[in-house]
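Enquirer: Make a model of this:
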Amino acid sequence: MADNVRAIESAPSTRAAARDAHHRDRERDAAEETTARRVADELKTRGSVILTGEDEARSRRIGRRAGKLINRKVRTKRVNGGIAVWDDERGSNPLHAHLDEQRTNRLLDQFYKEHGPITGPR
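Expert: Reported below is the predicted structural model:
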């Protein structure tokens, strides 16, 4: 009887389970990579993004991967709606600071055209 003993890892059901787990991990990594590329595009354009609908650890992992894709240091922080990811080095670049200022002014102008000036109580 002892001669017929084999390692449990060689059992067909164990090998299939390991293969399935590996396949799920590869699918998860591919999905995270796709999301990280979209986040990286947003980081290059806007400097920050908020990830919602994901668990915290996954969102932070995606944010760090996006930072590696654009070769920038990013930070993550839990906020009310999810996980905020931002380019920590963006403010030190004068061109980015100028573009961000222009974008903000353009958005404020658009808001004032739609809603009028903001005034306090009279």
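Enquirer: Listing request: residues of this protein with sub-threshold pLDDT.
Expert: 1-12, 14-18, 22-23, 25, 118-122 (pLDDT under 70).
Enquirer: tell me what the longest helix seen in the chain is packed against?
Expert: In the chain, with assignment by DSSP state H, the single longest helix is helix 12-45. Applying 3 or more CB pairs under 8 Å, 6 or more residues apart in numbering; DSSP states H and E, we find helix 12-45 packed against strand 48-51, helix 56-70, strand 82-87. No exception for glycine: its C-beta is placed from N, CA and C like everyone else's.
Enquirer: closest to His115 out of those?
Expert: strand 48-51 (23.5 Å; CB to CB).
Enquirer: mind listing what's buried in the closest one?
Expert: Val49, Leu51 (16 or more other CB atoms under 10 Å).
Enquirer: what sits up against that strand?
Expert: Identification of contacts with strand 48-51 by CB atoms under 8 Å, 6 or more residues apart in numbering yields 39, 42-43, 59, 62-63, 79, 81-87.
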